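**Student:** Predicted coordinates and the sequence they were generated for:
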Amino acid sequence: MITRPAIAVRSLSKTFTLHNRGGMNIPVFDGLDLEVLPGECVVLAGDSGVGKSTLMRTLFGNYLPSGGSVHVRHEGVLVDITHAPPHVLANLRKHTFGYVSQFLRVIPRIATMDLVMEPLLANGVSREIAHERACTMLRALRLPEGHWALPPATFSGGEQQRVNIARSFICDYPVLLLDEPTASLDAANRAIVVDLIKAALGRGVAMVGIFHDEDVRNSVATRYFSVSDFKAAA
Amino acid sequence: MSAALALMPDDTPLLRVEGLTKRYGAIIGCENVSFDLRPGEILGIVGESGSGKTTVLNCVSGKLAPTSGGVQFKTRRHGLANIHELSEPDRRRVQREDWGFVHQNPRDGLRMRVSGGANVAEPLMNLGDRHYGRMRQATIDWLNRVELDISRIDHKPRTFSGGMQQRIQIARNLIHAPRLVFMDEPTGGLDVSVQARLLDLLRELVRDLDLSAIIVTHDMAVARLMAARLMVMKGGHVVETGLTDQVLDDPQHPYTQLLVSSVLQI
């Protein structure tokens, strides 16, 4: 049986045009092809500034590509997110697509517990079950119970990072994008996140990730993908 | 459920605006504005003052007759109807039954001579409810929901602070269970701390009631917080639309780039 890709990228290109700098063009990548199968963790390789995060954000629909397409399998169908109307992309993000960024970007003054429950509630899970699963997740990530009722604004970088991870892993999204999820974590917490990622791979989640930590990278990568191979000519 | 159905839970728009144009003599208020709004969707309209965002809001909400173009809305009573082709009484009924309108200045949306409680209950009365016990209970429920002190139910709006007046206005506009709410700079005149609390409240209500909303604001942070989709206007024209995070993180149009890069960081 042929496994069908969860993400299919075809001749994707991205160039930033800065209109307020006289229309200056910053080409990032061009003609990029990539397929990610369920159960794969494709780790993006390349030096800083080569466009790894730009690719990641383009896959998520946060950046608009200059050309090409990104298809993501959503409820069994490949959806072209680069041409999908906004409400389709919003729906896809709600049910299919998790994204862990380097920084926690949340609404101020909302308690950690509510933030972690939110993706489940948005998916129609009852408050009781959402609360139970959030407790399990926060405990697994060793976030002190005394913190759960507090908004994460005053937490350390590592604690905020773990809130971020909890929000994205709580939903069992079939597709996950991980942009440096372990950047500000100590060794013990890194190991916990590595276990979460491996468990997700075991469930057949398709992942694309950026990891600067070599040990993490080597323990979760099923293959490497070099973004610099598609460097656009300046 | 088939995959195609699951993909689009409710694909029929609640509101469809097509080629909306408003001219004031030779001056363009807005030109050729089109968009769809689905149940539960929140659209933000951003742009500087004079960009036409309030003109769009007023034309869509039936306060202002457009020069050309149509505003189709799925009314409870008439099904899909062009708002501007309905008779005046029918249009007013749609406004009363299906819509809410939250003004920037609570004075524009409240009746200052009657009590806060009466302001909240009035929409029910306008819809024909005559059961005072039930209306009073609904009013108390809503004052609780917007976190206002029940003991002040009989006080006049002018005795409340700006933030509290805005809460009364919100309760007044949601008590009749509208399906679409228009908001014109809903937190514009408030202190930052009051603004943040009010935005939290609005977000929660919109999610719990599955409301659709159109929010006009010049504040990018409010837009990011409240709206899933964004429409950027300049000189009466829509220059860019898309998912809010895409428009704000990777703006394409020169004006949007200027707008986003001009936001002060704290």
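**Tutor:** That came through, no problem. Numbering: from 1, shown residues only, chains lettered A, B, ... in the order given.
**Student:** leaving aside the residues next to it on the chain, what's closest to residue B:48?
**Tutor:** residue B:218 (6.5 Å; C-beta to C-beta, 6 or more residues apart in numbering or on different chains). For every residue, glycine as well, the C-beta is placed using N, CA and C.
**Student:** so who does whatever residue of the stretch 151-266 of chain B ends up closest to chain A touch?
**Tutor:** With C-beta to the nearest C-beta, the shortest gap between the stretch 151-266 of chain B and chain A falls at residue B:254, namely 3.4 Å. Contact analysis of residue B:254 by C-beta atoms under 8 Å, 6 or more residues apart in numbering or on different chains lists A:19-20.
**Student:** Tell me the pLDDT of it.
**Tutor:** The model reports residue B:254 with a pLDDT of 95.
**Student:** Look at the residue nearest to residue B:48 and say how many residues are nearby.
**Tutor:** 16 (other C-beta atoms under 10 Å in any protein chain shown).
**Student:** Over to the one 5 residues further on?
**Tutor:** Counted with other C-beta under 10 Å, residues neighbouring residue B:223 total 24.
**Student:** Is it correct that it is in contact with residue B:229?
**Tutor:** No: using C-beta atoms under 8 Å, residue B:223 makes no contact with residue B:229, being 9.8 Å away.
**Student:** Find residues that contact each of these two.
**Tutor:** Common neighbours of residue B:223 and residue B:229 (C-beta under 8 Å, 6+ apart) are B:44, B:244.
**Student:** and the residue nearest the centre of chain B, bridged to which residues?
**Tutor:** Residue closest to the average C-alpha location in chain B (C-alpha atoms, centre = their mean): residue B:182, at 1.8 Å. Beta-bridge pairing of residue B:182 under DSSP bridges involves residue B:101, residue B:214.
**Student:** Quick check, it in contact with residue B:101.
**Tutor:** Yes: assessed by C-beta under 8 Å, residue B:182 is found in contact with residue B:101 at 4.7 Å.
**Student:** got any residues that touch both of the two?
**Tutor:** Any residue near both residue B:182 and residue B:101 by C-beta under 8 Å, 6+ apart counts here, and that gives residue B:61.
**Student:** Now do the same contact list for the residue in chain A positioned nearest to chain B.
**Tutor:** At 3.4 Å from chain B, residue A:19 is the closest residue in chain A, using C-beta to the nearest C-beta. Contacts for residue A:19 (C-beta under 8 Å, 6+ apart) come out as B:253-254, B:257-258.
**Student:** again, only this time at 6 Å
**Tutor:** B:254, B:257 (C-beta atoms under 6 Å, 6 or more residues apart in numbering or on different chains).
**Student:** What residues sit buried inside the biggest helix by length in chain A?
**Tutor:** The residue-count maximum for a helix in chain A (DSSP state H) belongs to helix A:187-202. Buried residues in helix A:187-202, counted by 16 or more other C-beta atoms under 10 Å in any protein chain shown: A:189-190, A:192-194, A:196-197, A:200-201.
**Student:** Mind picking the two most distant members of these?
**Tutor:** A:189 and A:201 (19.0 Å; C-beta to C-beta).
**Student:** Quickly note the distance from residue A:174 to residue A:7.
**Tutor:** Distance of residue A:174 to residue A:7, computed by C-beta to C-beta, to the nearest Å: 10 Å.
**Student:** Which of the two has more residues huddled nearby?
**Tutor:** residue A:7 (24 against 20).
**Student:** What is the burial count for the nearest residue to the more buried one once chain neighbours are set aside?
**Tutor:** Distances taken as C-beta to C-beta, 6+ apart place residue A:36 nearest to residue A:7, at 4.2 Å, with adjacent residues excluded. Burial of residue A:36 is recorded as 23 neighbouring residues (other C-beta under 10 Å).
**Student:** surely residue A:36 meets residue A:206?
**Tutor:** Yes: counting by C-beta atoms under 6 Å, residue A:36 does reach residue A:206; the two are 4.7 Å apart.
**Student:** Can you list the residue ranges for strands in the chain?
**Tutor:** With no chain named, the answer covers chain A. Under the criterion DSSP state E, chain A contains strands at A:7-18, A:24-36, A:41-45, A:67-74, A:77-80, A:97-100, A:175-179, A:206-210, A:223-226.
**Student:** that's the other chain; I wanted chain B
**Tutor:** B:15-24, B:27-37, B:42-46, B:68-75, B:79-82, B:99-102, B:180-184, B:212-216, B:229-234, B:237-243.
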